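In: fold the following for me, if possible:
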Amino acid sequence: MKRTKVIDALKRTDFGSEITVMGWVRSKRGSKGIFFIALNDGSTIKNVQIVGEDQNFDEETVKQITTGACLRVVGTLVESPAAGQASEIQAGEIEVLGPCDNTYPLQKKGASWEYLRTVAHMRPRTNTFGAILRIRHNMAMAIHTYFYEHGFYYFHTPLITASDCEGAGNMFQVTTKNLYDLRKDEEGKIIYDDDFFGQQASLTVSGQLEGELGATALGQIYTFGPTFRAENSNTPRHLAEFWMIEPEMAFYDKEDLMDLEEDFIKYCVRWALDNCRDDLEFLNKMVDKTLIERLEGVLQEAFVRLPYTQGIEILKEAVAKGRKFEFPCEWGDDLASEHERYLVEEYFKKPVIMTDYPKEIKAFYMKLNEDGRTMQGTDVLFPQIGEIIGGSVREENYGKLMNEINRRGMETEKLEWYLDTRRWGSCPHAGFGLGFERLILFVTGMQNIRDVIPFPRTPKNCEF
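Out: Below is the predicted model:
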């Protein structure tokens, strides 16, 4: 008989029908010759209850029905007398597809997040991580659907590159060279002539620069793929490998960009509320009791649009009134997460789009304002997360862009292809980057970014 997914089995009302389900044992309990199995196949946060009588099954089969074991169950769908479930399955046949001994690492209830990270290959079987991964899937679907409905083209940018978009130098090198026998020139620099690409190559930190090429040809594009940062940052907000969504749009100004950022993020949150209700209710109960309220709050009000200079004034006023921050907040400082969260969670109590940052703390490609001091950045700040989107209007003027590159002492040799977009048919354009895992953090209520990606990559950790 064809298998029925648990999510579909729980919706059925044709009681008395024969049904086949397969999945993994979440728990088993017994009483007076009857056993009860909570079976889950990952299709829903909810388990289907299997009821069996010991006398109908051989002792060896019943003994193998342990937490973590994989079962095939054929039985009769019946109305359930138990509270909280409409139906259950009276088992007629149970086959143990995959036995599981007592070394299974998810035996204990209430295992810590730290412990579960050590068994990341197994943690998707827990209720919490099953919910997170289903939400992660839904957010990916929301992103693709939003951009498709708004006329964007999905544009694939390279994962291996010779350019450093952010200019920070925190990149993982890609090489076929023998690291124990490197040829060097007279200045001690590595010679890459015999390397695979014939030059130094790295994993990408961003697809933005290539995305701008796409926007200046197709009008509006988006990328959605893995990016890599070799930052030695052991924090709950950083990963060495993470996913980024980066739309780039020709003919957008700052107002257009902020409108898109707000509309896009609200669309994703609305999608989660509409399509992940069971998982969100579970996380609201078990992880963050204000989760659904906070998600719904994002949809109810317009985001604040706040110039950086005004934001600094608000922070300094808070300090004057006794508010203590770990990091300074003078004009010209890059805001720390504590400053961003104060503005969002305590002062405005709603998401904020911060604009017009000092040029010294922003990337070379951002458009300079007429004051000569600030750039047209548009970062979206969210409760509990801080910055969730980093965006800007891009400098389309070749002369101004070159002035900024020269002022920063950057090498132009590897950026000639990028500068061609300013030489030949340049146009006003803008874009932003959204860290996918930070979006998942917000939508799930989780506190550590390592817990919203299946297999986290962090300093000194490359397991599984």
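In: quick one: distance of whichever strand in the chain runs longest to the chain centre.
Out: Under DSSP state E, the strand in the chain containing the largest number of residues is strand 18-31. For strand 18-31, the separation from the chain centroid amounts to 32 Å (computed by C-alpha atoms, centre = their mean, to the nearest Å).
In: neighbouring contacts of it?
Out: Here strand 18-31 makes contact (C-beta atoms under 8 Å, 6 or more residues apart in numbering) with 1-6, 9, 12, 35-42, 47-48, 50, 54, 65-77, 89, 92, 97, 100, 125, 127. The C-beta positions use only the backbone N, C-alpha and C, and glycine is treated the same way.
In: buried set for that strand?
Out: By 16 or more other C-beta atoms under 10 Å, the buried positions in strand 18-31 come out as Ile19, Val21, Met22, Gly23, Trp24, Val25, Arg26, Lys28.
In: parallel or antiparallel, list what pairs with it.
Out: Here strand 18-31 is paired, per DSSP bridges, with strand 34-40 (antiparallel), strand 70-79 (antiparallel).
In: which of those sits closest to Asp58?
Out: With C-beta to C-beta as the criterion, Asp58 lies closest to strand 34-40 of the strands paired with strand 18-31, at 13.3 Å.
In: what sits up against the closest one?
Out: For strand 34-40, the external contacting residues (C-beta under 8 Å, 6+ apart) are 6, 21, 23-30, 46-54, 62, 65, 71, 73, 91, 127, 130.
In: what's the following helix or strand after that strand?
Out: The C-terminal neighbour of strand 34-40 among helices and strands, as given by DSSP states H and E, is strand 48-53.
In: other SSEs contacting the very next helix or strand once past that next one?
Out: Sequence order places helix 59-64 as the next helix or strand after strand 48-53, per DSSP H and E. Contact partners of helix 59-64 among helices and strands, from 3 or more C-beta pairs under 8 Å, 6 or more residues apart in numbering; DSSP states H and E: strand 87-98.
In: next, the buried residues of the helix or strand following the strand it packs on.
Out: Counting by DSSP H and E, the next helix or strand C-terminal to strand 87-98 is helix 113-118. For helix 113-118, the neighbour count (16+ other C-beta under 10 Å) marks Leu116, Arg117 as buried.
In: before we move on, the earlier item: any idea which of the strands paired with strand 18-31 is most buried?
Out: When you average the neighbours per residue for each of the strands paired with strand 18-31 (mean count of other C-beta atoms under 10 Å), strand 34-40 leads with a mean of 19.
In: the residue nearest to Val174 when sequence neighbours are not counted: neighbour count?
Out: Sequence neighbours aside, Ala201 is the residue nearest to Val174 in space, at 4.7 Å (criterion: C-beta to C-beta, 6 or more residues apart in numbering). Neighbour count of Ala201, defined by other C-beta atoms under 10 Å: 19.
In: over to the one 4 residues further on?
Out: Residues within reach of Val205, counting by other C-beta under 10 Å, total 23.
In: that older thread, ok, so of the buried residues of strand 18-31, who is nearest Pro105?
Out: Using C-beta to C-beta, Trp24 comes nearest to Pro105 of the buried residues of strand 18-31, at 13.5 Å.
In: ok, Gln107 to Pro459 distance?
Out: As judged by C-beta to C-beta, to the nearest Å, Gln107 and Pro459 stand 30 Å apart.
In: for the stretch 151-300 of the chain, which residues score under the pLDDT cut-off?
Out: Along the stretch 151-300 of the chain, segments meeting pLDDT under 70 span 165-169.
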